[in-house]
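In: sequence first, then the predicted structure, then my questions.
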Number of protein chains: 2
Amino acid sequence: MKDDFLKDAATRSRVFKLAGISETAVRELIKDLAVEDSASIGYLTVPGEIQVKITVQNDSASLDSKLEAIAAKVQARLEEYIFSCDGEVIEDLVGALLRQRGLTIALAESCTGGLISARLTDLPGSSVYFKGGVVAYSNELKQSFLGVPPEVLEKHSAVSRETALAMAGGIRNRASSDIGLSVTGIAGPDGGAPDKPLGLVYIGLSAASGDLCGRYVFPGNRAGVRQGTVNAALNTVRRFLSKA
Amino acid sequence: MKDDFLKDAATRSRVFKLAGISETAVRELIKDLAVEDSASIGYLTVPGEIQVKITVQNDSASLDSKLEAIAAKVQARLEEYIFSCDGEVIEDLVGALLRQRGLTIALAESCTGGLISARLTDLPGSSVYFKGGVVAYSNELKQSFLGVPPEVLEKHSAVSRETALAMAGGIRNRASSDIGLSVTGIAGPDGGAPDKPLGLVYIGLSAASGDLCGRYVFPGNRAGVRQGTVNAALNTVRRFLSKA
């Protein structure tokens, strides 16, 4: 019995969840890492995330260190996109970081339509760090509620780096929060164009230490683009706070 | 074979989904309706909704009319709470009604934290009738983004009929929408008090023809209260538009 148990237990695995990158691109980035017989990397795409599962098996006692070694390599190459490791929930991580630092956040959402706010407020006690947000679906509301200058919308359009940054700065300013987070994009199924494909999303972050903006093209249908944007946006905050 | 098929087919059922009422209260309201052997009413509570399934069985040809008769009675007694009949999706119904009437809506959410906006914008093309929304978690934002007077918050508190109505009127005014919809409540797990129990939610609606406000106490945990509030709030709009 004991031997059987040990044999069954002789695998170790770790699951990373990623957003903001395609499964093809993930495979390309780490395809050389599981060439040994005793390690494998599996992929699963669900709406809004790509899951990468690393499994190692072995008869020796070195299983944990073997998993650590491969996992560290995978993590180093995909760091920008990983929003969850071994079941971590991204909104929990962001909430814990904000609470630790005593910082507040406010949101300016367009294509996600309130989903990021909804995820952050899933957690009891989130009112300590979550001040609120604006769902600015129309350009009109981007101007009136967030103070995005009409000339920015006219010159660069609603789905642009400039608009994302103006939205993030606008909500940070008007909600008096430490961090302003914004998303603007094309969730589909309509609205794509050659230079602005379906799934194109800009994620902006504004803080006292400076602003940043990422450009993503999310795969999948409307729900996939929206969920992927939520994960990547929350991950933008996590990465910002982890470095800050 | 044919007889067997007919025997199998000799049941008819209908599912109503309700929010804003407890399963106990639902049972009490319609307990007398399924006293016959050939009709049954089943109940299922899931987070945010109570499902009532009416099933009739019969050997005669009168099955459809029998179901209709019982369903009509159930519907009449529970009308205020039913947000879905036979798989209808409440946000689809609301979207279709707004589109038909050429009306726009904007949201002021507190305890739902953006969930109502997120549900309404699940639908492609929702930008035609959805102007946007504000997630006003703090009193500060209820004042600055929605124009809720500080004296209303002070005198009646954030979770009150007066605040809900001020939020609905405020978002309607500031987003220049035809309808303003608001929710403010206590999703828990903390924050309840004897006069303001956990699950207490006010849902306000403002339109040119007038304002209305409903008071609800939703059962369940935080997720249940939030989802129930989303369903009841969207149902408030559906009922308003169906009558208007």
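Out: It's in.
In: residues touching A:Gly204, list them.
Out: For A:Gly204, the contact set (C-beta atoms under 8 Å, 6 or more residues apart in numbering or on different chains) comprises A:161, A:164-165, A:167-168, A:180-184, A:211-213. For every residue, glycine as well, the C-beta is placed using N, CA and C.
In: among those, name the buried ones.
Out: A:Ala164, A:Leu165, A:Met167, A:Ala168, A:Gly180, A:Leu181, A:Ser182, A:Val183, A:Thr184, A:Asp211, A:Leu212, A:Cys213 (16 or more other C-beta atoms under 10 Å in any protein chain shown).
In: for the helix or strand where the first one lies, packing partners?
Out: Think A:Ala164. Secondary structure assignment for A:Ala164, by DSSP states H and E: helix A:161-174. For helix A:161-174, the packing partners by 3 or more C-beta pairs under 8 Å, 6 or more residues apart in numbering or on different chains; DSSP states H and E come out as strand A:105-109, strand A:130-136, helix A:150-156, strand A:179-185, strand A:200-207, strand A:210-217.
In: returning to that earlier point: A:Ala136: which of the buried ones among the contacts of A:Gly204 is nearest?
Out: Distances from the buried ones among the contacts of A:Gly204 to A:Ala136 were compared by C-beta to C-beta; the smallest belongs to A:Met167, at 6.9 Å.
In: so what's A:Phe83 closest to, chain neighbours aside?
Out: Computed as C-beta to C-beta, 6 or more residues apart in numbering or on different chains, the closest residue to A:Phe83 that is not its neighbour in sequence is A:Asn235, at 3.9 Å.
In: the longest helix seen in chain A packs against which elements?
Out: For chain A, the helix with the greatest residue count under DSSP state H is helix A:222-243. Helix A:222-243 sits against strand A:49-57, strand A:82-85, helix A:90-101, helix A:115-120, strand A:179-185, strand A:200-207, strand A:210-217, with contacts defined as 3+ C-beta pairs under 8 Å, 6+ apart.
In: alongside chain B, which residues does chain A contribute?
Out: When proximity is defined by C-beta under 8 Å from any C-beta of the partner chain, chain A lies next to chain B at A:106-107, A:109, A:112-118, A:120-122, A:124-127, A:130-138, A:140-141, A:144-145, A:174-176, A:188-190, A:222-223, A:226.
In: from the chain's centroid, how far away is the helix holding A:Ala164?
Out: When C-alpha coordinates are averaged (C-alpha atoms, centre = their mean, to the nearest Å), helix A:161-174 and its chain have centres 19 Å apart.
In: what angle do that helix and strand A:210-217 make?
Out: 130 degrees (axes from the mean of the first three to the mean of the last three C-alpha atoms, to 10 degrees).
In: what lies in contact with helix A:161-174?
Out: Taking contacts as C-beta under 8 Å, 6+ apart, the residues outside helix A:161-174 that touch it are A:106-108, A:110, A:133-134, A:136, A:142, A:145-149, A:152-153, A:155-157, A:177-184, A:202-207, A:211, A:213, A:215, B:144-145.
In: filter those down to the buried ones.
Out: Looking at the contacts of helix A:161-174 with 16+ other C-beta under 10 Å, the buried ones turn out to be A:106-108, A:110, A:133-134, A:136, A:142, A:145-146, A:148, A:152-153, A:177-184, A:202-207, A:211, A:213, B:144-145.
In: and chain A, what are its domains?
Out: A:11-84, A:90-243 (automatic domain parsing).
In: pick out the shakiest of the ones you listed, pLDDT-wise.
Out: In terms of mean pLDDT, the lowest-scoring of the domains of chain A is domain A:11-84 (a mean of 83).
In: now the end-to-end length of that domain.
Out: Between the opening and closing residues of domain A:11-84 we find a distance of 21 Å, counting by C-alpha to C-alpha, to the nearest Å.
In: now do stretch A:201-219
Out: For stretch A:201-219, the first and last residues are 11 Å from each other (C-alpha to C-alpha).
In: next one: it to chain centre, how far?
Out: Relative to the centre of its chain, stretch A:201-219 is centred 11 Å away, using C-alpha atoms, centre = their mean.
In: kindly report the same for stretch A:11-30.
Out: Stretch A:11-30 has its average C-alpha position 14 Å from the chain's average C-alpha position, going by C-alpha atoms, centre = their mean.
In: over to stretch A:205-225?
Out: Its chain's C-alpha centre and that of stretch A:205-225 lie 8 Å apart, by C-alpha atoms, centre = their mean.
In: pull the CA atoms of the helix or strand encompassing A:Ala69 into CSV?
Out: Secondary structure assigned from DSSP H and E places A:Ala69 in helix A:63-78. The C-alpha trace of helix A:63-78 is given here as CSV (Å, rounded to 0.1, in the frame of the first residue of the first chain):
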residue,chain,number,x,y,z
LEU,A,63,10.7,15.9,-7.9
ASP,A,64,10.0,19.2,-6.1
SER,A,65,13.3,20.8,-7.2
LYS,A,66,12.7,19.6,-10.8
LEU,A,67,9.3,21.2,-10.9
GLU,A,68,10.7,24.4,-9.4
ALA,A,69,13.4,24.5,-12.0
ILE,A,70,11.0,24.2,-15.0
ALA,A,71,8.4,26.5,-13.4
ALA,A,72,11.0,29.2,-12.8
LYS,A,73,12.0,29.1,-16.5
VAL,A,74,8.3,29.2,-17.6
GLN,A,75,7.6,32.1,-15.2
ALA,A,76,10.6,34.1,-16.4
ARG,A,77,9.6,33.9,-20.0
LEU,A,78,5.9,34.5,-19.5
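In: circling back: just the buried members of the residues of chain A next to chain B?
Out: By the neighbour-count criterion of 16+ other C-beta under 10 Å, those include these buried positions: A:106-107, A:109, A:112-118, A:120-122, A:126-127, A:130-138, A:141, A:144-145, A:174-175, A:188, A:222, A:226.
In: mind listing what A:Gln227 touches?
Out: For A:Gln227, the set of contacting residues under the criterion of C-beta under 8 Å, 6+ apart consists of A:Pro47, A:Gly48, A:Glu49, A:Leu115.
In: how much space between it and chain B?
Out: Using C-beta to the nearest C-beta, to the nearest Å, one obtains 11 Å as the distance from A:Gln227 to chain B.
In: wait, what's in contact with the residue nearest to A:Lys66 when sequence neighbours are not counted?
Out: The spatial neighbour of A:Lys66 that comes closest, neighbours along the chain excluded (C-beta to C-beta, 6+ apart), is A:Val56 at 4.8 Å. Applying C-beta under 8 Å, 6+ apart, we find A:Val56 in contact with A:Thr11, A:Arg12, A:Ser13, A:Ser38, A:Ala39, A:Leu63, A:Lys66, A:Leu67, A:Ile70.
In: 7 Å instead?
Out: Listed by C-beta atoms under 7 Å, 6 or more residues apart in numbering or on different chains, the contact partners of A:Val56 are A:Thr11, A:Arg12, A:Ser38, A:Ala39, A:Leu63, A:Lys66, A:Leu67, A:Ile70.
In: those residues, buried ones only, as a PyMOL selection?
Out: Here is the PyMOL command that selects the buried residues among the contacts of A:Val56 (16+ other C-beta under 10 Å):
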select buried, chain A and resi 12+39+63+66+67+70
